[in-house]
Every structure is written in C-alpha cells, then in structure tokens.
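Asker: only geometry, no sequence info:
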C-alpha cells in the first residue's frame with residue numbers, strides 16, 4: 001500500500017465541508033492508498049495528473065516517489081479551470 005500525502009489546500013478545504021461529505025472524502029482517500037476509487041488520468045496540459053472523483057468533488061493528485069500526493073480539491077465545475085490557469089505557477093517557481 002502506498003502512502004497518500006494530503007496537501008494544505010486539501011486539508012483546508014475538507015475542514016469547510018459538512019460532516020457527511022468530509023467523511024466520504026476521507027474514505028475515498030483511504031481507498032486511494034489501496035488503488036481503489038473512480039480514478040482517471042488527466043489529458044493535454046494536465047498530463048501527469050490524476051483525479052479522484054468523490055461525488056461532486058474532484059481530488060487532483062500525482063504519483064511521486066512511490067507515494068500519492070493530493071494537492072487540490074474542488075467541485076467539478078471549478079476544478080479544471082482553476083488547474084489550467086494556475087498549474088504553471090504551482091509547479092514552476094519562475095512563472
């Protein structure tokens with residue numbers, strides 16, 4: 001089983017959720033460590049990233065050093081636009 005590393009944005013977002021959706025996200029992250037869940041590879045400018053679908057939320061992650069790093073979560077209607085516009089800034093300090 002791999003280790004799932006939860007980033008600060010994911011932690012902060014989960015704290016804002018009501019108990020039931022927060023519980024679903026926590027269960028989904030535990031299953032992710034076992035390679036389970038509604039996982040899909042992202043394409044085009046988001047290649048190398050993956051999403052985990054948890055109801056209306058999408059958790060964005062990547063594989064690094066044998067671990068899974070979850071760095072962003074948002075409702076489906078926002079997540080891909082935000083990722084596309086901020087990806088360079090998040091992963092490239094020169095941007």
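Answerer: Yep, it's here. Here the structure is a predicted model, which means the values were calculated and not measured. Residues are numbered from 1 along each chain as shown.
Asker: what comes up buried for stretch 22-36?
Answerer: For stretch 22-36, burial by neighbour count (16 or more other Cβ atoms under 10 Å) applies to 25, 28-29, 31-32. Using the backbone N, CA and C atoms, a C-beta is placed for each residue, glycine as well.
Asker: so how far is it off the chain centroid?
Answerer: The chain centroid and the centroid of stretch 22-36 are separated by 11 Å under Cα atoms, centre = their mean, to the nearest Å.
Asker: so for it, mean pLDDT?
Answerer: The average pLDDT within stretch 22-36 is 95.
Asker: check stretch 41-50 too.
Answerer: 90.
Asker: can you show me the strands along the chain?
Answerer: Assigned by DSSP state E, the chain shows strands spanning 4-6, 38-41, 50-54, 57-64, 67-75.
Asker: closest one to residue 86 among these?
Answerer: Of all these, it is strand 67-75 that lies closest to residue 86, at 8.8 Å by Cβ to Cβ.
Asker: which parts of the closest one are buried?
Answerer: Neighbour counts over strand 67-75 (16+ other Cβ under 10 Å) mark 68-74 as buried.
Asker: dump the residues you listed into CSV; add pLDDT and distance to residue 12 as well.
Answerer: Formatted as CSV, the buried residues of strand 67-75 follow (pLDDT from 0 to 100; distance: Cβ to Cβ, whole Å):
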residue, pLDDT, distance to residue 12
68, 97, 19
69, 97, 16
70, 96, 12
71, 94, 12
72, 94, 11
73, 96, 9
74, 95, 12
